[in-house]
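S.K.: Quick one, structure for this:
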Amino acid sequence: AVSLQIQVLEVLESLSEAFALFDADDRLVLFNEAFLRLNSPITDVIVPGVSFEEIIRTQIKRGLHPSAKGRVDDFVSERLAIHRNPPPSLEQELKDGLWLKITEFRTPSGAIAGLRSDITEQKRAEREVVEAKELAESANRAKSEFLGNMSHELRTPLNAVNGFAQMLMNQTFGKLGDARYLDYAGHIHESGEHLLDVINDILDLSRIEAGKISLQDEIFKIDDVLASCIIFLESRISDKQLRMTRPPDQAWPELRADKRVVRQMLLNLLSNAVKFSYPGSRIDVAGQIEDDGGLTIIITDTGIGLTDEEIVIAMEPFGQVKNSLSEVNEGTGLGLPLVKSMIELHGGAFEIRSEKDVGTQVSLAIPTERVMKPD
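M.R.: Residues are numbered from 1 along each chain as shown. The predicted model follows:
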């Protein structure tokens, strides 16, 4: 029996955690050296037979429990209640940011055994993670607000530039004289329109990131939106002699969604397909009703395609993939991230599959609740 007791004591002393055993009358029976070190400010009272209450009151007197100031008796009562009915685990902060994890359990005889671990470093690391997250969120909000404000400030003068360039191109108040002025006005207008598109994309992205964009739902025919996008791109499609196929009007269901946003998503995807297709190649637009009633819009091109690494770049804001066609096509690198954010606002999902020099397939999965059922 003596040998077993010695072995038990050796095990307790080998523990890195502080161990203490209190009897059914809350008096200290057994403890290890780690428990003494943890209670170094009150080592003089850590002796067999000292009550748990006396330990707590001495800790309070020597400043180990700042939260007990002005409410000593209440604090002692709370700690005694927890001690007598211990939860599986308890975390407690002491003076100078010292954190303990206390694990206690009651034995069948009514005694209470417990381990106390110093988790100060763990808590410090958790606090640093929280602070870093809050700082990152604050910086992101500031960035979004700055981009939004900047975009608003730039759009007003830019609209004036575009308007006056249009007047020069139309020679509203008489001929300009040298034909080169018309070319210059055309370049100004084209550049202004491109810059306005960039600003609008930045503004939309910043609004989405800041959670300040709300959808204006209405019921509309998806084919009408698709047709307007194709008309907008008609000259580019014609210049490249591209072949485009799409289902007939009656094949499409009606949607309940933000018509402007859906148009922007389709326009971005179709514009990319046209931009990165070789002359004479094909673009297919298809609609697929899923088993759950949702609609998937699929746009497939036989263009330049992307590698898996290039897809990752293309999905990052301002990410631009360099290739033989990108050098002759201006872009901001915001199109695909915007589409992904906008479809997710609708509760849907965006997917892209691509193979280098084979082509790209993008799909918009529109959830069931936004697809109108036929009467």
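S.K.: With only the CA atoms kept, save the lowest-mean-pLDDT helix or strand in the chain in PDB.
M.R.: Every helix and strand of the chain was ranked by mean pLDDT, DSSP states H and E. The lowest is helix 2-14, at a mean of 73. Provided in PDB are the C-alpha atoms of helix 2-14 (Å, rounded to 0.1, in the frame of the first residue of the first chain):
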ATOM      1  CA  VAL A   2       2.900   2.400   0.900                       C
ATOM      2  CA  SER A   3       4.500   1.600  -2.400                       C
ATOM      3  CA  LEU A   4       1.300   2.400  -4.300                       C
ATOM      4  CA  GLN A   5       1.000   5.700  -2.500                       C
ATOM      5  CA  ILE A   6       4.500   6.600  -3.500                       C
ATOM      6  CA  GLN A   7       3.800   5.700  -7.100                       C
ATOM      7  CA  VAL A   8       0.600   7.900  -7.000                       C
ATOM      8  CA  LEU A   9       2.600  10.800  -5.600                       C
ATOM      9  CA  GLU A  10       5.300  10.300  -8.300                       C
ATOM     10  CA  VAL A  11       2.600  10.400 -11.000                       C
ATOM     11  CA  LEU A  12       1.100  13.600  -9.500                       C
ATOM     12  CA  GLU A  13       4.500  15.300  -9.400                       C
ATOM     13  CA  SER A  14       5.200  14.400 -13.000                       C
END
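S.K.: which helices and strands does the helix or strand just after it pack with?
M.R.: Next helix or strand after helix 2-14 toward the C-terminus (DSSP states H and E): strand 18-22. Judged by 3 or more Cβ pairs under 8 Å, 6 or more residues apart in numbering; DSSP states H and E, strand 18-22 is in contact with strand 28-31, helix 33-38, strand 112-118. No exception for glycine: its C-beta is placed from N, CA and C like everyone else's.
S.K.: 10 Å instead, please
M.R.: Using 3 or more Cβ pairs under 10 Å, 6 or more residues apart in numbering; DSSP states H and E, the elements in contact with strand 18-22 are helix 2-14, strand 28-31, helix 33-38, helix 52-61, strand 99-106, strand 112-118.
S.K.: Each with direction, which strands does that strand pair with?
M.R.: Counting by DSSP bridges, the strands paired with strand 18-22 are strand 28-31 (antiparallel), strand 112-118 (antiparallel).
S.K.: weakest of the ones you listed by average pLDDT?
M.R.: For those, the weakest mean pLDDT is recorded on strand 112-118, namely a mean of 84.
S.K.: relative to helix 52-61, how tilted is that strand?
M.R.: If you take axes from the mean of the first three to the mean of the last three Cα atoms, to 10 degrees, strand 112-118 sits at 20 degrees to helix 52-61.
S.K.: Pull the distance from the next helix or strand after strand 112-118 to the chain's centre.
M.R.: Later in the chain than strand 112-118, the nearest helix or strand by DSSP H and E is helix 120-170. Offset of helix 120-170 from its chain centre (Cα atoms, centre = their mean, to the nearest Å): 16 Å.
S.K.: what does stretch 305-317 give?
M.R.: Taking the mean of its C-alpha atoms, stretch 305-317 sits 19 Å from the chain's own mean (Cα atoms, centre = their mean).
S.K.: measure it end to end?
M.R.: One end of stretch 305-317 sits 19 Å from the other (Cα to Cα, to the nearest Å).
S.K.: buried stuff in that stretch?
M.R.: 305, 306, 310, 311, 314 (16 or more other Cβ atoms under 10 Å).
S.K.: now these in JSON lines, with distance to residue 192, secondary structure and pLDDT?
M.R.: Shown next, in JSON lines, are those (distance: Cβ to Cβ, whole Å; DSSP: H, G, I helix; E, B strand; the rest coil; pLDDT from 0 to 100):
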{"residue": "305", "distance to residue 192": "32", "secondary structure": "coil", "pLDDT": "89"}
{"residue": "306", "distance to residue 192": "30", "secondary structure": "coil", "pLDDT": "89"}
{"residue": "310", "distance to residue 192": "30", "secondary structure": "helix", "pLDDT": "88"}
{"residue": "311", "distance to residue 192": "32", "secondary structure": "helix", "pLDDT": "89"}
{"residue": "314", "distance to residue 192": "26", "secondary structure": "helix", "pLDDT": "85"}
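S.K.: Now distance to residue 127 too, for the residues you listed, in JSON lines please.
M.R.: Output for these, formatted as JSON lines (distance: Cβ to Cβ, whole Å):
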{"residue": "305", "distance to residue 127": "47"}
{"residue": "306", "distance to residue 127": "42"}
{"residue": "310", "distance to residue 127": "39"}
{"residue": "311", "distance to residue 127": "37"}
{"residue": "314", "distance to residue 127": "37"}
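S.K.: hang on, the earlier thing: would you reformat the strands paired with strand 18-22 as JSON lines and include mean neighbour count and distance to residue 355?
M.R.: Listed next are the strands paired with strand 18-22 as JSON lines, based on neighbours: other Cβ atoms under 10 Å; distance: least, Cβ to Cβ, whole Å:
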{"stretch": "strand 28-31", "mean neighbour count": "18", "distance to residue 355": "68"}
{"stretch": "strand 112-118", "mean neighbour count": "19", "distance to residue 355": "54"}
